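mind looking at a prediction? Sequence and model below.
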Amino acid sequence: MPLSIATWNINSVRLRLPLVERLILDRAPDIICLQETKCPDELFPVERFHALGYRHVEVHGQKGYHGVATISRLPIQAVERRRFCEIADSRHLSVRFEAGGRSILLHNFYVPAGGDEPDPEINPKFRHKLDFVSEMNAIRAENGEDDGAILVGDLNIAPLEHDVWSHKQLLKVVSHTPVETEGFETMRKAGGWVDLMRHNVSPEQKIYTWWSYRAADWAASDRGRRLDHIWSSQSLVAGFRDVDILRDARGWERPSDHVPVIARFDLG
DNA sequence: ATGGTGGGAGCCCCA
């Protein structure tokens, strides 16, 4: 049974609903995980997704900032909307669904960006980011209840050298500092997670999913970072097929600064 | 060598 899961930081779901519709028409992913929806739950455009064949919509939003949503053609049940660092931000939603006779838990995350100054002593946003990632150590790929798990989202960290356009120039830039990248990889491995975007791609090859709005020509300068991720439990790796990064979406009209990433599985 | 852009709220926050 084929299964495709998309993750996309949409940067306002109401403003960019036409872009999500374009993704649906082009790719028809079975499940779409959005971040930065910036939409209170009662104003989420649920009916539009129903009309497009996505009958199952779970949201965890708030006014103005943050917010995640998981939109599905397959039946899903909301499992949890977790709070991290004892702050009421809407940054996590997990759902359960069945595919190929297996029960799968799907986590959708929006990790704090962390501000500009990479010093937790003087920048509380950076402290929050480090604490948030540390608390993610509790999110395990094998949980004893499900047959597998997938974790996606805007994790706001580019862990490897070739996840950024210039490793050397970004070592002191939030998203690629050693304290972030090391904590991130430690957390991923401790949780039993496999980095699917790198599973069949050489660590020497550049991968980006985000390009800043503050570039005169994002495509020409191509100063990107891999901030969006798709992980799975070891149990789903045999069924994993490939990942597609929709770079073209960065050039769509009024784009998000992130592009959709789609993982395809074939679960027997 | 610095500021560049964008969304949402509401006279400034966050990315």
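All right, it came through fine. All values derive from a computational prediction rather than experimental measurement. Residues are numbered from 1 along each chain as shown, chains lettered A, B, ... in the order given.

show residues contacting the strand or helix carrying A:T186.
Using DSSP states H and E, A:T186 sits within helix A:178-190. With CB atoms under 8 Å, 6 or more residues apart in numbering as the test, helix A:178-190 has contacts from A:114, A:118, A:129-130, A:133-134, A:136-137, A:155, A:157-160, A:171, A:174, A:195, A:231. C-beta here means a position set from N, CA and C on the backbone, and glycine is covered the same way.

show me what counts as buried in that helix.
A:180-181, A:183-184, A:187-188 (16 or more other CB atoms under 10 Å).

pLDDT on whatever helix or strand comes next after that helix, on average?
Later in the chain than helix A:178-190, the nearest helix or strand by DSSP H and E is strand A:193-195. Throughout strand A:193-195, pLDDT has a mean value of 98.

state the pair within the buried residues of helix A:178-190 that is farthest apart.
A:E180 and A:R188 (12.3 Å; CB to CB).

just the pLDDT for the closest residue in space to A:L171 that isn't next to it in sequence.
For A:L171, ignoring the flanking residues on the chain, the nearest one in space by CB to CB, 6 or more residues apart in numbering is A:T177 at 6.6 Å. Per-residue pLDDT puts A:T177 at 98.

from the contacts of helix A:178-190, list the buried ones, please.
Burial by neighbour count, judged by 16+ other CB under 10 Å, picks out A:114, A:118, A:129-130, A:133, A:136, A:155, A:157-160, A:174, A:195, A:231 from these.

go back to the residues you listed and keep what's next to DNA strand B.
Counting by CB under 7 Å from any atom of the strand, the subset of these that neighbours DNA strand B consists of A:G114.

just the ones of the buried ones among the contacts of helix A:178-190 in helices?
A:129-130, A:133 (DSSP state H).

of those residues, which is the nearest to A:H56?
Using CB to CB, those come closest to A:H56 at A:V133, 29.2 Å.

the closest residue to that closest one other than its chain neighbours and DNA strand B: what is the separation?
Nearest-residue entry for A:V133: A:G183, 5.3 Å, with adjacent residues in sequence omitted and distances by CB to CB, 6+ apart. According to CB to the nearest atom of the strand, to the nearest Å, A:G183 stands 17 Å off from DNA strand B.
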